[in-house]
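Peer 1: Requesting a structural model of the entry that follows:
(2 chains)
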Amino acid sequence: MDDAADAVVAVRDLRMTYGTTEVLTGVDFDVRAGEVVCLLGPNGAGKTTTIEILEGFRLRSAGSVRVLGVDPAHADEAWRARVGVVLQSWRDHPRWTPRRLLTQLGGYFAPYATPERSRPHDVERLLATVGLTRHADRKIATLSGGQRRRLDVAVGIVGRPELLFLDEPTAGFDPLARRDFHELVLRLADLEGTTILLTTHDLAEAERLADRILVLAAGRIVADGTAAELTRQVAGTSEVRWSVEGRRQSASTDDATAFVRRLFERHGDALGDLEVRRASLEDTYLAMVARFEAGDRTAADLEEVLR
Amino acid sequence: MTAVPGRAPAHATRNALRLGALRGWTEFVQSLRSTQDQGFYVFMGVASLAYLWFTRNGEVEGTDLSMPTVAMPSLLGALLAFGVVIGPAYALAMEREDGTLLRHKSVPHGMQGYVTGQVVFHSLGLVPLLAVLLLPSLVLFDGLMSNGAAGWLTVGWVLVLGLLATLPLGMVLGAVVPSTQKVGTWGMLPVMAITAISGIFFPIQALWGWVQAVAQVFPTYWIGLGMRSAFLPPEAAVVELGGSFRTGWTVLVLAAWAVVGLALAPRVLRRMARRTSGSQVQAARDAALQWVR
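Peer 2: Below is the predicted model:
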């Protein structure tokens, strides 16, 4: 919270109320330049609401939000030129071709080019980057779901944004498309230094892409850390399975190494089928979400939740 | 606000208007190539011509003018008014729901470009609509244009003024309807009612006095009247209300609607743009899928 000034995104006590329903009950987090941050949470946790407020598409009920140093509710077109948004597509621009659409939408960024950052992206290169060169002149209506999604990503980054928002970017992807997409996101972060905030409810995706994971549940951030940090907090609950003379057994332990050593001392060669499974990010996540979804909104003690 | 090195707002707005014009042109060309839109134009042309053909032997009471010569300009006026109100209303309502608008909201000056594109596209869309009616009519019916070059000049200014009077109304309608499915009830019905009483299918004098008064409030009647003044000989004015084509009034009423529309449209469009969000698109999508099931 100390470096809010140079954070690309700074959110303090963000609240959102629809009628009498409180969707966000006090969200706090920062995203620093060059970070890839993943907003993780169950359906209805307020991920989309949060990201739409940051995109300037939705007005918050209370709290303070700075995105690239500006309140998105009052941001101007110059701010808009520095932010990329990957939208959920449906059926817009069916008669256009990817090349035409990218040229058209990219054109709006041209006046915002700077000596350090040329805008927009070269359309041919962009098409190649998202793997649409072969389909560049087909009607968008005839593209497959995965191809359309890659076009959405291309539209989102055509202006060479400093900050990119992705709302559930891989929903409905097959595993191959998902892997390609992940590579694309990582390349953007590495080569362009783009700061990326994405939402997902796919844990593997969060683990693979994010420098840092924020877990949003019941309208607030209940965990904030790297995948390893979050997992380490539940490392104590490793599960050990083994068999002795064909009889399978299992136990939970705080210290798997010591536990296994004792198993060997006791059973020696009779020990078989040894398996040690550390609590995964999924276990951590499910434990947290279950706790917070149950309505225990005052539980501030993360440690307690995790154990 | 944050200073962006090298930003040029004036340049950016001009750039957006240029992109918008290009967008309108692209949409127009794509529409001409689409079989669906070709079908629409052909249908409109055939339906109008059929109506004119079946009334070709009738004469307008009190004159020696045939029915088509009087009905054709009226029909032209109705098509203009109808086309640029319902067309943009549908387009706007649909593109709000399918994400087109949101895409433009997410790029700098995108809304300016989008609206420019709509204006250009729907204005250009009148060309084929008028052509399918006008070109065959000139061949099929004799003595359609009585006033030569001066008449065509009048056609030109009535078109432009009529467009200015009605296109903004279509955009306002599209911006305020809650969903695409509601364009029918909110837009189609009133516009059809106004068209029906505006003296196109039967002379306005046949209607009750209060209906005549209502009809004269709306632009459709005046566009039709302006078109008749362009095509028909001056003597034909005797069958009009007040025995005159009332050119001054035509200009006045259409200009008034244009001023109202042009003042209203940007405000309503800005409000609509402000409210557009991904969740809204998602909700429309869910609703539409529900609709399909």
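
Peer 1: Give me the below-cutoff pLDDT ranges for chain A.
Peer 2: A:1-5, A:89, A:233-237, A:293, A:295-307 (pLDDT under 70).

Peer 1: where do the helices sit along it?
Peer 2: Applying DSSP state H to chain A gives helices spanning A:47-55, A:77-80, A:98-107, A:123-129, A:145-157, A:175-187, A:203-209, A:227-232, A:256-267, A:281-293, A:302-306.

Peer 1: closest to A:Leu197 out of the ones you listed?
Peer 2: Ranking the helices of chain A by proximity to A:Leu197 (Cβ to Cβ) places helix A:47-55 first, at 6.9 Å. Every residue, glycine included, has its C-beta placed from N, CA and C.

Peer 1: near chain B, anything from that closest one?
Peer 2: Yes. Using Cβ under 8 Å from any Cβ of the partner chain, we find that helix A:47-55 touches chain B at A:48-49, A:52, A:55.

Peer 1: Which elements pack onto that helix?
Peer 2: Applying 3 or more Cβ pairs under 8 Å, 6 or more residues apart in numbering or on different chains; DSSP states H and E, one finds that helix A:47-55 contacts strand A:7-18, strand A:21-32, strand A:36-40, strand A:62-67, strand A:163-167, strand A:195-200, helix B:278-292.

Peer 1: List the buried residues of it.
Peer 2: A:47-55 (16 or more other Cβ atoms under 10 Å in any protein chain shown).

Peer 1: residue boundaries of the helices in the stretch 151-293 of chain B?
Peer 2: Listed in chain order, the helices of the stretch 151-293 of chain B (DSSP state H, counting those that start in this stretch) span B:183, B:189-196, B:209-215, B:219-231, B:247-275, B:278-292.

Peer 1: Name the stretch among these that sits most buried.
Peer 2: Highest mean neighbour count among the helices of the stretch 151-293 of chain B (mean count of other Cβ atoms under 10 Å in any protein chain shown): helix B:219-231, with a mean of 27.

Peer 1: helices or strands next to that helix in the packing?
Peer 2: If you count contacts as 3+ Cβ pairs under 8 Å, 6+ apart, helix B:219-231 packs onto helix B:67-97, helix B:148-176, helix B:247-275.

Peer 1: just the CA coordinates of the next helix or strand after the first one, formatted as PDB?
Peer 2: Right, the one you point to is helix B:67-97. Proceeding N to C from helix B:67-97, the next assigned helix or strand is helix B:100-105, under DSSP states H and E. Output in PDB follows, covering the C-alpha atoms of helix B:100-105 (Å, rounded to 0.1, in the frame of the first residue of the first chain):
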ATOM      1  CA  THR B 100     -20.000  -3.100 -31.700                       C
ATOM      2  CA  LEU B 101     -20.600   0.000 -29.600                       C
ATOM      3  CA  LEU B 102     -18.600  -1.300 -26.700                       C
ATOM      4  CA  ARG B 103     -15.600  -1.900 -29.000                       C
ATOM      5  CA  HIS B 104     -15.800   1.700 -30.100                       C
ATOM      6  CA  LYS B 105     -16.100   2.800 -26.500                       C
END
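
Peer 1: What is helix B:100-105 packed up against?
Peer 2: Applying 3+ Cβ pairs under 8 Å, 6+ apart, one finds that helix B:100-105 contacts helix B:110-140, helix B:247-275.

Peer 1: Need the residue closest to the centroid of the chain.
Peer 2: Using chain A here. Nearest residue to the geometric centre of chain A (Cα atoms, centre = their mean): A:Cys38, 2.6 Å.

Peer 1: oops, chain B please
Peer 2: Centre-nearest of chain B using Cα atoms, centre = their mean is B:Val84, 1.8 Å out.

Peer 1: and it, what does it touch?
Peer 2: Contacts for B:Val84 (Cβ atoms under 8 Å, 6 or more residues apart in numbering or on different chains) come out as B:122-123, B:125-126, B:163, B:166-167, B:170.

Peer 1: do B:Ile86 as well
Peer 2: For B:Ile86, the contacting residues are B:170, B:183, B:187-188, B:191, by Cβ under 8 Å, 6+ apart.

Peer 1: at 7 Å instead, please
Peer 2: B:170, B:187-188, B:191 (Cβ atoms under 7 Å, 6 or more residues apart in numbering or on different chains).

Peer 1: One more: B:Arg228?
Peer 2: B:Arg228 neighbours (Cβ under 7 Å, 6+ apart): B:70, B:73-74, B:245.

Peer 1: Highest neighbour count among these?
Peer 2: Within the contacts of B:Arg228, B:Pro73 tops the neighbour count with 28 neighbours, counted by other Cβ atoms under 10 Å in any protein chain shown.

Peer 1: wait, that one sits on B:Ala236?
Peer 2: No. B:Pro73 lies out of contact with B:Ala236 (Cβ atoms under 7 Å); the separation is 10.1 Å.

Peer 1: for stretch B:208-227, the distance to its chain's centre please.
Peer 2: Centroid displacement of stretch B:208-227 relative to its chain, using Cα atoms, centre = their mean, to the nearest Å, is 16 Å.

Peer 1: CA atoms of that stretch as CSV?
Peer 2: Only the C-alpha atoms of stretch B:208-227 are listed here, as CSV (Å, rounded to 0.1, in the frame of the first residue of the first chain):
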residue,chain,number,x,y,z
TRP,B,208,-60.7,14.2,-40.1
GLY,B,209,-59.4,17.6,-39.3
TRP,B,210,-57.6,16.6,-36.1
VAL,B,211,-55.8,13.8,-37.9
GLN,B,212,-54.6,16.3,-40.5
ALA,B,213,-53.3,18.5,-37.8
VAL,B,214,-51.4,15.6,-36.2
ALA,B,215,-50.0,14.6,-39.5
GLN,B,216,-48.7,18.1,-40.2
VAL,B,217,-46.7,18.0,-36.9
PHE,B,218,-44.4,15.3,-38.2
PRO,B,219,-41.7,15.5,-40.9
THR,B,220,-43.1,12.6,-43.1
TYR,B,221,-46.0,14.7,-44.4
TRP,B,222,-43.7,17.6,-45.3
ILE,B,223,-41.1,15.4,-47.0
GLY,B,224,-43.9,13.9,-49.1
LEU,B,225,-45.3,17.4,-49.9
GLY,B,226,-41.8,18.7,-50.8
MET,B,227,-41.4,15.7,-53.1
